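> coords please:
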Amino acid sequence: MGRLKTVLLVDDDDTTNFLNKFFLNQLDANCEVNIALNGKEAIEFLLLNAEDITPCLLVLDTNMPVMNGWEFLDTFEEKIDEKIRNKIVIVMLTAVDTEEVVAKAIKNPNVSDTAQKPLSDLIFRNLINKHFS
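A predicted model of the protein is given here:
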């Protein structure tokens, strides 16, 4: 896929976004970190910036107001060009690592991985190494 250029954190929780950005900065991954507070903001961001931000790691929360993670995935499939979709690695975040949520996420062709909240610098390092090395 190539070297990671951008991370898009999609979560309505400011504390989670702050911590995730901190962990990413600790890795010195030399990538831009952007934040969207819901799926709708994330779609709008991708539509405006897709060419400039890929390859991208998109960390997607499941439960958010306005447009949740599942609705985002449907809209992502519908509105984002396949060429761009193929350069975006989506990791679904779950507050609880239930088999049902993980199975539903992995079934989606646009989801590459799942992770349980809270994340850490080690989890981010593993995700980046797995998908961008």
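
> the helix or strand where residue 124 lies: which residues count as buried?
Per DSSP states H and E: residue 124 is located in helix 121-132. By neighbour count on 16 or more other Cβ atoms under 10 Å, the buried set for helix 121-132 is 121, 123, 124, 127, 128, 131, 132. Every C-beta, even on glycine, is put in place using the N, C-alpha and C of the backbone.

> how about stretch 91-107?
Buried residues in stretch 91-107, counting neighbours by 16+ other Cβ under 10 Å, are found at 91, 92, 93, 94, 101, 102, 104, 105.

> show me the shaky parts of this structure.
Applying pLDDT under 70 to the chain flags residues 1-2, 97.

> what about the strands in it?
In the chain, the segments counted as strands under DSSP state E are 6-10, 32-36, 56-61, 88-94, 111-116.

> of those, flag the one that's most buried.
Comparing the strands of the chain by mean neighbour count (mean count of other Cβ atoms under 10 Å), strand 56-61 comes out on top with a mean of 26.

> name the strands paired with that one and say parallel or antiparallel.
Here strand 56-61 is paired, per DSSP bridges, with strand 6-10 (parallel), strand 88-94 (parallel).

> what residues does it touch?
For strand 56-61, the surrounding residues in contact (Cβ atoms under 8 Å, 6 or more residues apart in numbering) are 4-13, 16, 20, 31, 39, 42, 68-69, 72-73, 87-93, 115, 117, 119, 127-128, 131-132.
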